[in-house]
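# Give me coordinates for this.
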Amino acid sequence: MSELTNGRPLTRQGPLDGRVLDGPGVCLTGLPSAAAFNLRADPAADAIDAALKDWLGAPRPLVPNTQSNGARGRILWLGPDEWLVVMPDPADSATETNLRGLLPEEARLCAVGDGLARVAVEGGAGRWLLAAGCPLDPSSPALGEGGCAQTRLAHASVIIVPESAERLLVYVRRSMARYLWTWLETAVTRLEGH
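Next up is the predicted model:
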C-alpha cells in the first residue's frame, strides 16, 4: 500500500523537475532524480569490476575524467578510488540491495541519487554557456566523448557528463540546484543579448 497525501500517492520530486529554459542555441531541462551510488574501492580489485560488468555491462573506468557505459547505466571516474554509478531511473530498495549483494565486502557503496539534481544542457551553445561559469575549456578532453569532469560551475560543485557533441548532463547537489538554475537563467539572458 502506498502512502497518500490528500488522497494522492506520494511521488519523489527533485528541485528542478520539469523546468525548461530555452535560449539561442541552447535548451536546459531539469530532469528527475536518477539512481546514483558513490562507490569507494581499491582500483585493483578485479572482483568489483567483474560484478559491475555482469550487472551494469561496464567495468569501472580507471583513467581520470572518463566514464564507462553499459546496458543498465554508466560509471563515472571521480578519483583514484572513487566512482559514481548512475542508472537512468530512480533507485528502489531492490536496486541497492542487488548492487550491494553483487559487490565484494571491501567495496563501500552509498546511495546519493536523491541528493543530486540533474540538468540536461542541449544545443550548440551549451558548452559555451557552461564555460561562462566554469574553469574548463569547452574543448577539454574531459568534456569529449567518453569523458566526465568534476568542477565548479558558478561556485557550485558539479559533475559534467557529455552524452553527445550537443548534449551534456550536469549533476549538482540538491542544496545548490536552485542557485545554479538561477545562474543559468541569467547566463541564457546574456546569450540572448548578443
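
# rest of the way, CA atoms for contacts and neighbours
Fine.

# which residue ranges form the strands in this structure?
Assigned by DSSP state E, the strands in the chain fall at 4-5, 8-9, 20-23, 26-31, 35-40, 67-69, 74-79, 82-87, 108-111, 116-122, 149-153, 156-164, 167-173.

# Output those in TSV, with mean pLDDT, mean neighbour count and distance to T186 appended to each entry.
Listed next are those as TSV, based on pLDDT from 0 to 100; neighbours: other C-alpha atoms under 10 Å; distance: least, C-alpha to C-alpha, whole Å:
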stretch	mean pLDDT	mean neighbour count	distance to T186
strand 4-5	60	10	36
strand 8-9	66	10	36
strand 20-23	94	15	11
strand 26-31	96	20	13
strand 35-40	94	20	29
strand 67-69	96	22	30
strand 74-79	97	23	29
strand 82-87	94	22	29
strand 108-111	92	16	32
strand 116-122	96	23	15
strand 149-153	96	19	13
strand 156-164	96	20	15
strand 167-173	97	21	17
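
# State which helix of this protein is the longest.
The single longest helix within the chain, with elements called by DSSP state H, is helix 177-192.

# sorry, back to before: of the strands of the chain, which approaches T95 most closely?
strand 35-40 (8.4 Å; C-alpha to C-alpha).

# what angle do the closest one and strand 82-87 make?
Strand 35-40 runs at 160 degrees relative to strand 82-87, counting by axes from the mean of the first three to the mean of the last three C-alpha atoms, to 10 degrees.

# wait, what's in contact with the residue most central in space within the chain?
In the chain, the centroid-proximal residue (C-alpha atoms, centre = their mean) is Y171; its distance is 4.1 Å. The neighbourhood of Y171, defined by C-alpha atoms under 8 Å, 6 or more residues apart in numbering, consists of L116, A117, R118, V119, V158, I159, I160.

# Return the set of residues that bridge with it.
Counting by DSSP bridges, Y171 forms beta bridges with R118, I159.

# L78 is in contact with Q67, isn't it?
No: with contact defined as C-alpha atoms under 8 Å, L78 does not count as touching Q67 (9.4 Å).

# related to what we said a few turns ago, tell me which of the strands of the chain approaches L143 most closely.
Of all those, strand 156-164 comes closest under C-alpha to C-alpha, at 5.7 Å.
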